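Engineer: Here is my input, please return the structure:
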Amino acid sequence: MHKTPVDPLLAVPRHVAIIMDGNNRWAKKRLLPGVAGHKAGVDAVRAVIEVCAEAGVEVLTLFAFSSENWARPADEVGALMELFLSALRRETRRLNDNGISLRIIGDRSRFHPELQQAMRDAEAQTAGDKRFVLQVAANYGGQWDIAQAAQRLARDVQAGHLRPEEISPQLLQRCLVTGELPLPDLCIRTGGEHRISNFLLWQLAYSELYFSDLFWPDFKHDAMRKALADYATRQRRFGKTSEQVEAEARANA
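Structural biologist: Numbers count the residues shown, from 1 in each chain. Predicted coordinates:
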């Protein structure tokens, strides 16, 4: 793996989530078909994984394909599915060799059976107690995630295993597809847009947001290091005052 210098004194997020935006615009700028931007984006994925793993990030979640992306031109969607399938088959061994566990979150039912099987195979091959978790959100939407969690709880109530008054934010959170993993500390969006586009709506409630004007294929090692360095300057208050946070930090030092 590419070695990236990381300052060990910087605060490091446990979980980074990224909206990988700008592939099509990157390709258009170069007079290339849109799929060329998505293919170029695979190199950015590798670079970001390397920086995050070496910095000590525990979980990286990438928004690869939203539930709204099915509305794109059929040829683009087809090319994306082929790229996803080939990337799974090509990268799984590399992930496993580098101690990375792959999880794919989202509604898989709409994908071709061959792609669904490749997802299961990749997850099985990288399963185990790994130092780094890579989550790929595919056919994922934050509203869908909350709805499926509510449906799970409703079925438990209907079956008599749960009373409505026992439903808490913590219980609902455990029913989300991200399960028991830590919530994202940092959410990055590339491509110059300033919105979260139905990504991890519940999970991002207290995340720090970082926006980059770079298109995703250009978001490589230096850009990721810059985002982590920016995160290290943030004071996360969770509703408290700066003075309270600073006093707690001194007490825990």
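Engineer: Give me the neighbour count for Arg90.
Structural biologist: 10 (other CB atoms under 10 Å). Using the backbone N, CA and C atoms, a C-beta is placed for each residue, glycine as well.
Engineer: In what element of secondary structure is it found?
Structural biologist: helix 74-97 (DSSP states H and E).
Engineer: Work out which residue lies at the spatial centre of the chain.
Structural biologist: Thr61 (1.7 Å; CA atoms, centre = their mean).
Engineer: What helix or strand is that residue located in?
Structural biologist: Going by DSSP H and E, Thr61 is part of strand 59-66.
Engineer: what's the neighbour count on Leu204?
Structural biologist: Leu204, neighbours per other CB under 10 Å, totals 17.
Engineer: Quick check, it in contact with Asp185.
Structural biologist: No: Leu204 sits out of contact with Asp185 when judged by CB atoms under 8 Å, with a separation of 10.1 Å.
Engineer: tell me which residues form a beta bridge with the residue nearest to the centre of the chain?
Structural biologist: Ala17, Gln135 (DSSP bridges).
Engineer: I'd like to know how far it sits from His112.
Structural biologist: Counting by CB to CB, to the nearest Å, the separation of Thr61 from His112 is 23 Å.
Engineer: still on that earlier bit, which parts of the helix holding Arg90 count as buried, going by neighbours?
Structural biologist: 79-81, 83-85, 87-88, 91-92, 95-96 (16 or more other CB atoms under 10 Å).
Engineer: Which residue ranges of the stretch 51-200 of the chain form helices?
Structural biologist: For the stretch 51-200 of the chain, the helices defined by DSSP state H, counting those that start in this stretch occupy 74-97, 113-125, 142-158, 169-174.
Engineer: Tabulate those (CSV), appending distance to Val42 and mean pLDDT.
Structural biologist: Converted to CSV, the helices of the stretch 51-200 of the chain look like this (distance: least, CB to CB, whole Å; pLDDT from 0 to 100):
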stretch, distance to Val42, mean pLDDT
helix 74-97, 6, 94
helix 113-125, 15, 98
helix 142-158, 25, 98
helix 169-174, 31, 98
